[in-house]
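S.K.: Structure for the following, please:
(chains A and B)
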Amino acid sequence: MERDRFIGQLRDIVGDRNVIFHPEDLLVYEYDASIDRGLPQAVVLPADTDEVSRVMALAYREGVPVAGRGSGTGLSGGAIAAPGGIQVSFTRMNRILEVAIQDRTAIVEPGVINLDLDTHVRRLGLRYAPDPSSQRACSLGGNIAENAGGPHCLAYGTTTNHVLGMEVVLEDGAVVNLGSLARETPGYDLRGVFTGSEGTFGMATRIMVRLLPIPEAVKTYLGVFNDIESACTAVSSVIGHGIVPAALEIMDATTIRAIQQSMDAGYPEDAGAVLLVELEGLLEEVDEVGQEVESALWDTGATAVKEALETSERERLWSGRKSAFGAFGHIAPNLYLVDGVVPRSRLTEVLARVGQIGEQYGITIANVFHAGDGNLHPCMLFDERQPGELDRVIEASGEILKVCVEAGGTLTGEHGVGLEKKEYMPLVYSQADMDAMIQVRQAFAPANMLNPGKIFPDGVPHRPAARRPDPTMSV
Amino acid sequence: MADELLTILGVGTSEGFQGPDAPAEADMYRCVHCGLCLSACPTYVVLGVETESPRGRIALMKAVNEGRIGVTERVVSHWEQCLQCRACEAVCPSGVPYGRMMANTRSQVMAQDKRSVNLNRISRLFLRGALPHPRRLRLGAHLLRVYQRSGLQKLLRLSRVLRLISRPLAGLEANLPVMDRHFFGPTKRVYRAQGEARLKVGLLSGCVMPLMQGSTMAATVRVLTRNGCDVVVPVGQGCCGALNIHAGDLEAGRGMARRNIDIFLNANVDRIVVASAGCSAAMREYDELLENDPDYGEKAHRFKELVVDVTALLASLPVDPPKAALNRRVTYQDPCHLVHAQRISSEPRAVLAAIPGLELVEMEQSTMCCGGAGIYSLVQPELAEKILSRKMGYVAATGAEQVVTANPGCMVQLEQGLRAMGDQSKVAHVVDLLDEAYRAESSARS
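M.R.: Take a look at the predicted model:
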């Protein structure tokens, strides 16, 4: 059988134990953290660049599409296999190869977990700044593919600002180097083009990252507000003071309730909204700016302002924020997370529109977002078992993205386009714009064997099928 | 598309789970597959495959529930490789009750007679044949102790006779738990508090702990009386049933739970104290186990409210600080069913901190399972070994002279890990160290 022969060849490359191909086993690789699904025909776990290269060359010859997979925590379907495709899982390539303390750089394999790198270098007085909410589980390879962000990207920028270079395996198995440990790149900045290419250009197999010194002082404030509008006004006021906080995060009443059910993060349960403000810098600087932040919060109608006085308290405030998405499981069995961006000045009006859309479609929408970046994350809470509900959710999310674009914003802040948002690309790009992007992809992957069917509209509407049994059906 | 492929590949469909003990749909679909559990799961961390992750195991439950696949041998193997350490439960933002789901899933596997040969054998011999029968256990332990202490074991091991007869038998022999010099057990006696009694507590004697760690049980009694507790060890009690419940034998577990509920509620105690974290965790969940039992539902709830792990009780008293010092560098391994199932982590550390001179050096990932996990190291020896050797690396890095924990299974497993590194030191329970410090007071005086 054709498939058996192909799997045999994969096993010859990476070893018998490192190819997953039994149908039951493949089921656990059909999803990521969002709502799309696709069963791979095999999952391959290579040990090094050479094995990745040989696997890619084989798949290329056989005409089998390939998707890379780190921890499967993505939110736009980036790790999901194309029909008939395979996944290359990087969990075995998870070594931190080198940390140069003086140069403040590290070289890692793509399967290294974001938080593990940060924890490791913190012992040496350094940090890795991008901190997506999934940082406890997500891998750096996936972070590069999606150009992952996180709360602290307000001050430090997203993944692309922290990756200096990488070794990449292309679709035909060729191994190339993009960028370098040097801060400047003569010629084209292919490192920049590659970051955020959502697995369509190649697989990073070795990654050079920039590390930052741990700031001398950190201050974290929790501003409590009666409604989300005043919290948004507070954000504008803080930034209007010329302050660039390390993070500015808003959570609305529904989110607060969900989080507090899951853990005590220290958010008052009757609040209409809370705003987390974090400042980092020199001791004196942080003290001085801290006073300005406090008065800005009071001036914009905060009903309480709390400062985290101890590390444990700060960790608690952040731990609530970072477990928000999972905590929605306390409210509804399904969650669909939208990732739109709007100019900060339009936050209040767009949030009001989001609320209206929720009412119109009869869906509860919670809001938790990177307010400083204007990066909204409306979370639609629903029950897939209710007939038609998933369709309404998808339609409503489309409406929200349109509102974001109309307000001068865009489709995604940090989750990527993937399968999820490809049909909305024409909202922000003309056909000529998209053609230009596709030409760049063709330079990297002329046969389009890597994550085909993602990012660009192909006329297939995004309609992930409901999986759960229909309760109206008798068993 | 996916299901077409499944059909083509011939996995077939199933009728899903059946009966009252099936994992609840509401539990399963609470998982939003965010993946935040992955890095907390020891089997995923060691093996790097999602079939051995909490999210993956739940996905397989869902797939069976939806009739996409049947309960195949392969699916069962992934469920059986779960340690049930519940580290995933502690980090899950959605509050997925994973421990309960896995116990229920295994009960389904058992009902469909799909358990692995290994688990079946251990279950027949040990879980059903020995654990619920204190007398049989004691007899076995006596024989084992005679074998170990008479020199017969030494002789047999030196002669390598067993290896000639059967390699697996020799392997089993090498892994025999060492019996304690002193056995402990239920008694009609009341151990009186020193000074005025603040509390009357009932102590769980349980199954193997009084035989393998009888001295720790005796230390528990001394430490409790020293801290103002009258202690009774009610006659008629038995094993808590945790191991049966984890293996999916819920019926046997319920029988054991009912027996302990009757005995302890009749003993009229203020608290039910447990020196084994795995047992205190299971006993604090008797109410869930007997939820649908019309006669025991309410009693189980009352019982559960009384149960407290010895480390938590001591910390809450708070513990009377010993006057003698124990100048020693130790590291503490959090038992999974203390830290994850009961979220108790500061209490045992507070007890250790009360001992003058004792220096606690935290190891990396002290909350990750050591691979002991009840009968896991017997059912899944290879994987348990991988998880243990990773753990021992972190233990060694602390430079501690002694490892401390609060659960008999962890004590046995960690001691094996130490032996493998050529370290002959004994693993202590938190109460062992406290007791040692108290006893040093009198020797310091004399």
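S.K.: so which residue of the stretch 51-200 of chain A comes closest to chain B?
M.R.: Nearest to chain B, among the residues of the stretch 51-200 of chain A, is residue A:91, at 3.4 Å (Cβ to the nearest Cβ). For the C-beta atoms, the positions are set from N, CA and C on the backbone; glycine is no exception.
S.K.: just checking, that residue touches residue B:49?
M.R.: Yes: counting by Cβ atoms under 8 Å, residue B:49 is a contact partner of residue A:91 at 7.1 Å.
S.K.: Pull up the overlap in contacts between the two.
M.R.: Common neighbours of residue A:91 and residue B:49, counting by Cβ atoms under 8 Å, 6 or more residues apart in numbering or on different chains, are residue A:45.
S.K.: can you pull the contacts of the residue of the stretch 301-446 of chain B found nearest chain A?
M.R.: Using Cβ to the nearest Cβ, the single residue of the stretch 301-446 of chain B nearest to chain A is residue B:364, 9.4 Å away. Residues near residue B:364 by Cβ under 8 Å, 6+ apart: B:394, B:397.
S.K.: That one should be in a strand, yeah?
M.R.: No: counting by DSSP: H, G, I helix; E, B strand; the rest coil, residue B:364 falls outside a strand, being coil.
S.K.: how far away is it from residue B:50?
M.R.: 24 Å (Cβ to Cβ, to the nearest Å).
S.K.: Kindly state the pLDDT recorded for residue A:1?
M.R.: On the pLDDT scale, residue A:1 is placed at 64.
S.K.: right, I mislabeled it, should have said residue B:201
M.R.: For residue B:201, the model assigns a pLDDT of 96.
S.K.: can you count the residues close to it?
M.R.: Using other Cβ atoms under 10 Å in any protein chain shown, residue B:201 is surrounded by 26 other residues.
S.K.: in chain A, which helix or strand is least confident?
M.R.: Within chain A, no helix or strand scores below helix A:324-327, which has a mean of 83 by mean pLDDT, DSSP states H and E.
S.K.: Check the secondary structure at residue A:233 for me.
M.R.: Assigned with three-state DSSP, residue A:233 falls in the helix class.
S.K.: pretty sure it contacts residue A:300?
M.R.: Yes: using Cβ under 8 Å, residue A:233 is in contact with residue A:300, at 4.7 Å.
S.K.: Show me the shaky parts of the chain.
M.R.: Since you didn't name a chain, this refers to chain A. Along chain A, segments meeting pLDDT under 70 span A:1, A:463, A:465-475.
S.K.: meant chain B actually
M.R.: Applying pLDDT under 70 to chain B picks out residues B:1-14, B:166-169, B:171-172, B:175, B:444-446.
S.K.: residue boundaries of the strands in it?
M.R.: B:187-191, B:199-203, B:229-233, B:271-274, B:307-309, B:328-332, B:358-360, B:402-405, B:428-429 (DSSP state E).
S.K.: Can you show me the helices along the stretch 151-300 of chain B?
M.R.: Counting by DSSP state H, counting those that start in this stretch, the stretch 151-300 of chain B has helices at residues B:152-159, B:161-165, B:167-174, B:209-212, B:214-226, B:242-246, B:250-266, B:277-283, B:286-289, B:297-306.
S.K.: So which of these is nearest residue A:308?
M.R.: Taking Cβ to Cβ, helix B:277-283 is the member of the helices of the stretch 151-300 of chain B nearest to residue A:308, at 31.7 Å.
S.K.: could I have the closest one exported to PDB, CA atoms only?
M.R.: C-alpha atoms of helix B:277-283 as PDB (Å, rounded to 0.1, in the frame of the first residue of the first chain):
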ATOM      1  CA  ALA B 277      -0.900  12.000  50.900                       C
ATOM      2  CA  GLY B 278      -2.300   9.600  48.400                       C
ATOM      3  CA  CYS B 279      -4.800   8.300  51.000                       C
ATOM      4  CA  SER B 280      -5.800  11.700  52.400                       C
ATOM      5  CA  ALA B 281      -6.500  12.800  48.800                       C
ATOM      6  CA  ALA B 282      -8.700   9.800  48.100                       C
ATOM      7  CA  MET B 283     -10.500  10.000  51.400                       C
END
